[in-house]
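Novice: heads up, no residue letters with this:
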DNA sequence: TTAATAGTGTCTTTCAGACAATATAAA
DNA sequence: TTTATATTGTCTGAAAGACACTATTAA
């Protein structure tokens, strides 16, 4: 038998394959807190519990795992997040009652304003503060996933400006610093924070300013590829 | 219908699920070079090509994805590597001719001596120098996987002593430094390398020495949890 | 002017790079 | 002793921490 024959006769259904889903831990920043998007499950199993947005891979629709993720997130939020990164793959016989299952988990970041409208109208999709999420009885092993995503986000906050993606396209440095502080859970030195961003030339000054109270702050925009930049030295934890 | 009924009636076979495999990029250090374990494929598809050790998840045997990996590695090498870490999950419709497939890739490290005997006897399992592997026509997308594993290993070498797992349980500092240099592809400053390891107290002096030529070097052993330690500052690339 | 917030100056501390100097073995 | 390798001393430089200082707005 040659390879063509083998492929032609190969039937996937002859082998038992695990269920494959993709899930996202989508973070945003709103009202001075870090929030995560959760969906109330409307079907068995785990009906009624909060769960991460996600779903089954569609062999016909999806061109890859990230495509599945983006399709699912678009269904829930109406938009595609500007930052998506694969986190970890969880698998085992007992994480889903339907059988041996795998979920490929992603971390995604988005500005709250960019999906505010579409979310408000759907009561089973909700932004919950990260601190509350940890106490909720989430579906499946989604609490483990959320925690791992947060751990990784903390690391990113220590050596990159990836967290900037929870903000709108333009933002001020004090805003960005506060995002980092909320993620890390610890105040940072203004000077250290600004110095390294300036030295690595990661942001562009838009020339505009924004004032709330006090002196107006300069508005910046991320430079192309700044998300890929890693400082060689971490901030202190 | 309640949850029990739902689960009882749920038939996975009614849904098309991707094929799920687990693959390992197993590194070791031998003859002053970094090597990777490859297996010559004896069956379709990609028959005759070199591929990463791995295989399908077994729903009956495996308690998780890492369990699949360890089972497969034990089949090929006879031993369980002391360091195993999930790397990335690759998935898509065209990476395997049999259909939409996923592979959960792991990086693993092992001392060459600990699996030398079992490998030597099997001609279709082989340690190949990393530099050669990159030029071989590997099966599936395994070249991408190997390259990503190496990138990650380079990073680890810059901020941790994880690479120590390619050495036997006891080793000298010059040996460890050379491992790092081979991985990074650049010479390192003796002093910097030793200083940080000493300050973080990652190794235990066994009291023994080993001499080849010149002054004998002290033999060290990794301290418990040293693999989890990350320096806050990277070495220069 | 004062209150509030943004942004800077500058000294200290930490740790890696560079490289010379010393130590310990075998031949 | 010489050669080879291991190990340490120490100066320099880069970048973060600490914290006081100045700048810019509104009321």
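Specialist: Everything's here; your move. As the structure is a prediction and not an experimental result, all values here were calculated from the model. Numbering: from 1, shown residues only, chains lettered A, B, ... in the order given.

Novice: near chain B, which residues of chain A are found?
Specialist: Contact residues, chain A versus chain B (C-beta under 8 Å from any C-beta of the partner chain): A:1, A:3, A:6-7, A:10, A:12-13, A:15-20, A:44-45, A:47, A:56-57, A:59, A:62-65, A:86, A:88-93, A:97-100, A:102, A:104, A:232-234, A:236. (C-beta placed from N, C-alpha, C; glycine too.)

Novice: okay, helices next: where are they in chain A?
Specialist: Here chain A has its helices, by DSSP state H, at A:3-9, A:65-77, A:116-120, A:130-133, A:142-159, A:173-184, A:190-199.

Novice: in a markdown table: the ones you listed, plus mean neighbour count and mean pLDDT.
Specialist: Supplementary listing: these in a markdown table, determined by neighbours: other C-beta atoms under 10 Å in any protein chain shown; pLDDT from 0 to 100:
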| stretch | mean neighbour count | mean pLDDT |
| --- | --- | --- |
| helix A:3-9 | 12 | 66 |
| helix A:65-77 | 20 | 95 |
| helix A:116-120 | 13 | 67 |
| helix A:130-133 | 16 | 96 |
| helix A:142-159 | 19 | 98 |
| helix A:173-184 | 19 | 98 |
| helix A:190-199 | 13 | 98 |
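
Novice: ok so, going back, which of the residues of chain A next to chain B are buried?
Specialist: Taking 16 or more other C-beta atoms under 10 Å in any protein chain shown as the criterion, what is buried in the residues of chain A next to chain B is A:17-20, A:44-45, A:56-57, A:59, A:62, A:64-65, A:86, A:88-93, A:99-100, A:102, A:104, A:234.

Novice: also near DNA strand C: which of the residues you listed, exactly?
Specialist: Restricting these to those touching DNA strand C (C-beta under 7 Å from any atom of the strand) yields no residues.

Novice: which helices and strands does the strand ranked longest in chain A pack with?
Specialist: Ranked by residue count and defined by DSSP state E, the top strand of chain A is strand A:19-30. Where contact means 3 or more C-beta pairs under 8 Å, 6 or more residues apart in numbering or on different chains; DSSP states H and E, strand A:19-30 is packed against strand A:33-40, strand A:54-56, helix A:65-77, strand A:101-109, helix A:142-159.

Novice: quick one: the longest one near DNA strand C?
Specialist: Pointing back at helix A:142-159 there. No - if you take C-beta under 7 Å from any atom of the strand as the test, helix A:142-159 misses DNA strand C, and the best it gets is 14.0 Å.

Novice: report all helices and strands that that helix contacts.
Specialist: By 3+ C-beta pairs under 8 Å, 6+ apart, helix A:142-159 packs against strand A:19-30, strand A:83-92, strand A:101-109, helix A:130-133, helix A:173-184.

Novice: want to throw the ones you listed into a markdown table with distance to residue A:52?
Specialist: Listed next are the helices and strands packed on helix A:142-159 as a markdown table, based on distance: least, C-beta to C-beta, whole Å:
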| stretch | distance to residue A:52 |
| --- | --- |
| strand A:19-30 | 4 |
| strand A:83-92 | 11 |
| strand A:101-109 | 8 |
| helix A:130-133 | 10 |
| helix A:173-184 | 19 |
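
Novice: would you list the ones you listed in JSON lines and tack on distance to DNA strand D?
Specialist: Listed next are the helices and strands packed on helix A:142-159 as JSON lines, based on distance: least, C-beta to the nearest atom of the strand, whole Å:
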{"stretch": "strand A:19-30", "distance to DNA strand D": "21"}
{"stretch": "strand A:83-92", "distance to DNA strand D": "22"}
{"stretch": "strand A:101-109", "distance to DNA strand D": "22"}
{"stretch": "helix A:130-133", "distance to DNA strand D": "23"}
{"stretch": "helix A:173-184", "distance to DNA strand D": "10"}
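
Novice: so which of the ones you listed comes closest to residue B:136?
Specialist: Closest approach to residue B:136 among the helices and strands packed on helix A:142-159 is made by strand A:83-92 (26.1 Å; C-beta to C-beta).

Novice: distance of the residue lying closest to residue A:102 once chain neighbours are set aside relative to DNA strand C?
Specialist: Counting by C-beta to C-beta, 6 or more residues apart in numbering or on different chains, residue A:91 is the residue found nearest to residue A:102 once chain neighbours are left out, at 3.9 Å. Distance of residue A:91 to DNA strand C, computed by C-beta to the nearest atom of the strand, to the nearest Å: 36 Å.

Novice: so how far is stretch A:143-153 from its chain's centroid?
Specialist: How far stretch A:143-153 lies from its chain's middle: 10 Å, per C-alpha atoms, centre = their mean, to the nearest Å.
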